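>>> model the structure of this input:
(chains A and B)
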Amino acid sequence: MKLLNRKRTKKRSPKVANRLGMLGGGMVLFLVVMAIGAPWFAPYDPTERVGLPFQPPSAAHLLGTNDVGQDLLSELIYGARVSLTVGIVAALVALVLGTSVGVLAGYYPKRLGRFLMQGVDVILILPFLPLLIILAAYLGRSLLNTIVVIGVLIWAGPSRIIRSQVLSLRSREYVLASRTMGAPDRWAIMRHVLPRTALLATGTFVRAVSTAILLEAALSFLGLGDPLQKSWGSILFWAQSRGAFLTPAWKWWVLPPGIMIMVASLGFALVAFAMEERINPRL
Amino acid sequence: MKKRLSIPILIACLTLVAAACSSESDPTTTTVTGGDPTTTLAGDPTTTTAATPAEPVVVRAAITGDEDTINPYTYISGFPGWNLLMMQYDTLMQLDADGVPQPWLADTISANGDLTEYTLTIVDNASWHDGTPLTVDDVKFSLDYFIEKATGRFSRDLRGVVAIAVSGDNGIVISLAAPNPAFDLVALADIPIIPRHIWEGIDDPGERAFDISTNVGSGPFMMTEYESDQFYRFVSNPDYFRGVPAVDELVVIVFADDAGALAAIRSGEVDVSFERVSPEQIALLDAQDPLDISQGPEFTTQMINFDASKAPFSDVVVRQAMSLAIDSQDIVDTVYLGAATVGSPGWVHPGKPAYNPAVEATFDPAAANALLEGAGYIDTDGDGIREFGGEPMSFDMITNSSDSLRLRIAELTAAMLGDVGIEITVVSVETATWEEAVWPGFDINNGRNYDIAVWGWSAPVQANTIRIADLVNSDPGIGFLNLTGFSNAEVDAISSQLLTEADPATSQQLIGDLQVLLADQVPFVLLAYPDGAYVYNSEVYADWEFIAGQGIVSKVSLLPASARP
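Next up, the predicted model:
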């Protein structure tokens, strides 16, 4: 039974993973183009009041206007910038933290490793969203704080994956050989361990981007981001606080940012999925 | 591993989804309104010979946020907490529909010539919920108690009282250290009278853990049930001295937020909301049958404060330019969708008799620019931001994040000030942080820690025109709400004189002059007086009375027309 299952996955997965990866890649590309080209694509400056408040969709405003008359479509397009920035930078923070801890814990598994991994366990055990909310509320509302808070909370998972890879790497012959010949640990880590964890780290990074985008949206929606920053989460925050969830406006005010958040997070998640299929080491 | 990372994703998704369905998220709903006909307390049948309605009228009201046990020492918010307190207790005077105090527990009120001595007689047919008659002793006890055991609001109302003496069977004389022409409004119509036989054993009301058993009042409603964060049940007092209330039972349900309360009223789970309806919802709710909207002017304010004790705001030219650069009409139209009155630069609401029509808000960015240029605030480095003393005119505008309308006001005014070369960064913080910056420790002697802030006062500050001295006098003893550190000798002189002026005509003249002076000196920029709008189900109960400046949440709304002031 087990064997059978394995066979089936083996047969199917590369193709499916590839296709899903392509789909995800397409989504990500679409968003990146949208973010970079925002000034050309957006019909208006999203911070300017260009129409009457609470307008339904019309030729002039394809998604209507928000509660002070800013163009919702333009807000949506510019929102890609904030979401991608937060997603990528926060994931980078997580990557640097996670890789450092993972490599150290993996390379020195005895005392330091145990200590670090216990720390990781603590972070993994903590109730995630409440902690995020408390930290965000405590630090105050700014883009930088949002990035930092998300970054320092999502690195723990990746650090575990990295550690297990490093654990196996450190007992490979060539690492042992270099150590026997008196190479310092630093050299062994830089020369042998890091290059061979880089690919794995990239996979976890892409997945972390997806997580970070969702978390940014959640924080902004709760009003814990910078509410005047044009992100998809903050569009939803305003929709909620000005009652759009209860009126017909949800179709053009709530749904589009919701879909964008889904596309962004799904896109990165699919890319990560496809990458993991290829690069996950058979441990 | 895969599972681990997907959990946060899932949580975040759920959060968004849950918020999207916040219409269903009301925590209390069921079982609260179990229709047991609680009006079985008609103790003696002789008192209620007036027609008792066959079907008891039960009104279910929504509030957002728990108000604790709602006695004078535990109620939480000024609105609607105080209003719910007053369902159970009575004041010596009661505001009528025009917001003017009328005799209530005191059936006659007279003041001596220089307004330092108020003589009242107490009605003889009022009684406490437990049947004990309400006497002048209870009145004296209440006033003494509030003076002795600080409560904040009621103790502050009674500042300046030097003696309280009972005269005769039901008379009481209150002596003041200085003339106070507004004593009826700020004290007599504000302070609940509490029963001596319940409270005289309570020495430390600030520390004590109360339950509702001490909630013995004389008001038209008695609290019979309270579940923290869930609901309050009030039943009508059949022996009420003004007559049997028109509503037999009032159930006040606590909702987590406005959205939940609105969803409940739209689905018929509650019959009225004691929270103000936000402007964009008014038309929508009004269009739905059987919902109706009661709307009117209120005396709450929205304003821009700045620290006028330091440069550049200490320069009147800068303040005048800011006032000219801000388009209050635009804020009323955009943020309030017209459901507000444009702020008068003289502070006084245009609906008040003391309003001076000569004072008008002016929007003129060109004049603002000219003023700033003329006074030497010039953009020397061409970055679009003016400089003063070598520093760019860039400031943080602080606002509280929980008030989304205020956040929008900040966003709009920041853009308007940007147009005249003053760069504003909006900083939204927790309410406590915002209060601590603008009004540290709620005591102006602690100074100020802000440059510019969006601020607002509740209705009582505006309700009494004479209290304008509180806001603008530079003596911290008089101007204890002077959050902008504003100081002007002429304003000080007029506002101090106003406080003790006994002659109504002179008083009117002074306040008119003061408004002109304030419009010129700009101690703050008053943006708007938002309207109050309340939604109710007209099939259940429709006789809501909108008290000018105060809204519909009062005992007056629930009394029959004959019993109203």
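
>>> low-confidence ranges, the stretch 351-500 of chain B, go.
Judged by pLDDT under 70, the stretch 351-500 of chain B has no weakly predicted residues.

>>> residues from it in reach of chain A?
Residues of the stretch 351-500 of chain B lying near chain A by C-beta under 8 Å from any C-beta of the partner chain: B:401-402, B:404, B:407-408, B:411-412, B:415, B:426-430. For glycine as for every other residue, the C-beta is placed from the backbone atoms N, C-alpha and C.

>>> buried members of those residues into ChimeraX, please.
Selecting only the buried entries of those in ChimeraX, with 16 or more other C-beta atoms under 10 Å in any protein chain shown as the criterion:
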select /B:401,404,407,408,411,412,426,427,428,429
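
>>> dump the residues of the stretch 351-500 of chain B next to chain A into JSON lines; add distance to residue B:334 and secondary structure as well.
JSON lines is the format used below for these (distance: C-beta to C-beta, whole Å; DSSP: H, G, I helix; E, B strand; the rest coil):
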{"residue": "B:401", "distance to residue B:334": "20", "secondary structure": "coil"}
{"residue": "B:402", "distance to residue B:334": "20", "secondary structure": "coil"}
{"residue": "B:404", "distance to residue B:334": "13", "secondary structure": "helix"}
{"residue": "B:407", "distance to residue B:334": "13", "secondary structure": "helix"}
{"residue": "B:408", "distance to residue B:334": "8", "secondary structure": "helix"}
{"residue": "B:411", "distance to residue B:334": "10", "secondary structure": "helix"}
{"residue": "B:412", "distance to residue B:334": "7", "secondary structure": "helix"}
{"residue": "B:415", "distance to residue B:334": "11", "secondary structure": "helix"}
{"residue": "B:426", "distance to residue B:334": "16", "secondary structure": "strand"}
{"residue": "B:427", "distance to residue B:334": "21", "secondary structure": "strand"}
{"residue": "B:428", "distance to residue B:334": "18", "secondary structure": "strand"}
{"residue": "B:429", "distance to residue B:334": "23", "secondary structure": "strand"}
{"residue": "B:430", "distance to residue B:334": "26", "secondary structure": "coil"}
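
>>> for residue B:266, state which of the residues of the stretch 351-500 of chain B next to chain A is nearest.
residue B:404 (20.1 Å; C-beta to C-beta).

>>> so how far is residue A:228 from that closest one?
Distance from residue B:404 to residue A:228, counting by C-beta to C-beta, to the nearest Å: 11 Å.

>>> and the residue nearest the centre of chain A, what's its pLDDT?
With distances taken as C-alpha atoms, centre = their mean, chain A has residue A:209 as the residue nearest its mean C-alpha position (1.8 Å). Predicted confidence (pLDDT) at residue A:209: the value is 93.

>>> which stretches of the stretch 51-200 of chain A form helices?
Under the criterion DSSP state H, counting those that start in this stretch, the stretch 51-200 of chain A contains helices at A:72-107, A:111-125, A:128-139, A:143-153, A:156-169, A:173-180, A:185-188, A:194-221.

>>> quick one: the second one to helix A:156-169, angle?
Yep, that's helix A:111-125 we're talking about. Computed by axes from the mean of the first three to the mean of the last three C-alpha atoms, to 10 degrees, the angle separating helix A:111-125 from helix A:156-169 equals 150 degrees.

>>> so what touches helix A:111-125?
A:101, A:104-107, A:153, A:156-157, A:159-160, A:163, B:4 (C-beta atoms under 8 Å, 6 or more residues apart in numbering or on different chains).

>>> as a markdown table, those with neighbour count and distance to residue B:510 would be great.
Compiled in a markdown table, the contacts of helix A:111-125 are given as follows (neighbours: other C-beta atoms under 10 Å in any protein chain shown; distance: C-beta to C-beta, whole Å):
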| residue | neighbour count | distance to residue B:510 |
| --- | --- | --- |
| A:101 | 22 | 71 |
| A:104 | 19 | 76 |
| A:105 | 25 | 76 |
| A:106 | 25 | 80 |
| A:107 | 19 | 82 |
| A:153 | 23 | 60 |
| A:156 | 24 | 68 |
| A:157 | 23 | 70 |
| A:159 | 27 | 72 |
| A:160 | 21 | 75 |
| A:163 | 25 | 78 |
| B:4 | 12 | 71 |
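
>>> in TSV, list these along with distance to residue A:266 and pLDDT.
Formatted as TSV, these follow (distance: C-beta to C-beta, whole Å; pLDDT from 0 to 100):
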residue	distance to residue A:266	pLDDT
A:101	28	93
A:104	33	91
A:105	31	92
A:106	31	90
A:107	35	89
A:153	21	86
A:156	23	89
A:157	19	86
A:159	25	91
A:160	24	90
A:163	28	91
B:4	18	45
